[in-house]
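[1] Next come a sequence and a model predicted from it.
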Amino acid sequence: MASPPLVVAFALAGTVNIDFETEPIANDADGKPVFLKEIWPTKEEIRKIEETVIRPEIFLQTYAKVKDGTERWNSLKVKESVHF
């Protein structure tokens, strides 16, 4: 399993058999090799985006009812037991 950005990087490279540290994922319009480290965001860039986009309310709203289950889930018939 890979993160979505890594899936895109593998797709750009056209292979999963690549060493991102030493092999380019593609060439630019001038034929110059492009390495993953050149297009991957820095920790600082990610932090700045997180500060502007990620808010606690997002998680509170999303997960507030996660244990309630759906109507379909709650309608499943199961025998009561020690485990369920």
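    Everything's here; your move.
[2] Quick one: the helices in this structure, in order.
    With DSSP state H as the criterion, the chain has helices at 4-13, 36-39, 43-53, 56-63, 71-74.
[3] Select, out of those, the one closest to T22.
    Checking the helices of the chain against T22 by C-beta to C-beta gives helix 36-39 as the closest, at 10.5 Å. (Glycine included, C-beta is placed from N, CA and C.)
[4] got CSV for the helices of the chain, with mean pLDDT too?
    Formatted as CSV, the helices of the chain follow (pLDDT from 0 to 100):
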stretch, mean pLDDT
helix 4-13, 93
helix 36-39, 94
helix 43-53, 94
helix 56-63, 89
helix 71-74, 92
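[5] Dump the ones you listed to JSON lines, plus mean neighbour count.
    Shown next, in JSON lines, are the helices of the chain (neighbours: other C-beta atoms under 10 Å):
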{"stretch": "helix 4-13", "mean neighbour count": "14"}
{"stretch": "helix 36-39", "mean neighbour count": "13"}
{"stretch": "helix 43-53", "mean neighbour count": "10"}
{"stretch": "helix 56-63", "mean neighbour count": "9"}
{"stretch": "helix 71-74", "mean neighbour count": "8"}
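[6] so which of the ones you listed comes closest to E21?
    Among the helices of the chain, helix 36-39 comes nearest to E21, with 7.9 Å by C-beta to C-beta.
[7] what's the closest one in contact with?
    Helix 36-39 is contacted by residues 9, 20-21, 25 when judged by C-beta atoms under 8 Å, 6 or more residues apart in numbering.
[8] go on, stretch 51-60?
    Contacts to stretch 51-60, defined as C-beta under 8 Å, 6+ apart, come from no residue at all.
[9] Just the terminal-to-terminal distance for that stretch.
    The first and last residues of stretch 51-60 sit 17 Å apart, counting by C-alpha to C-alpha, to the nearest Å.
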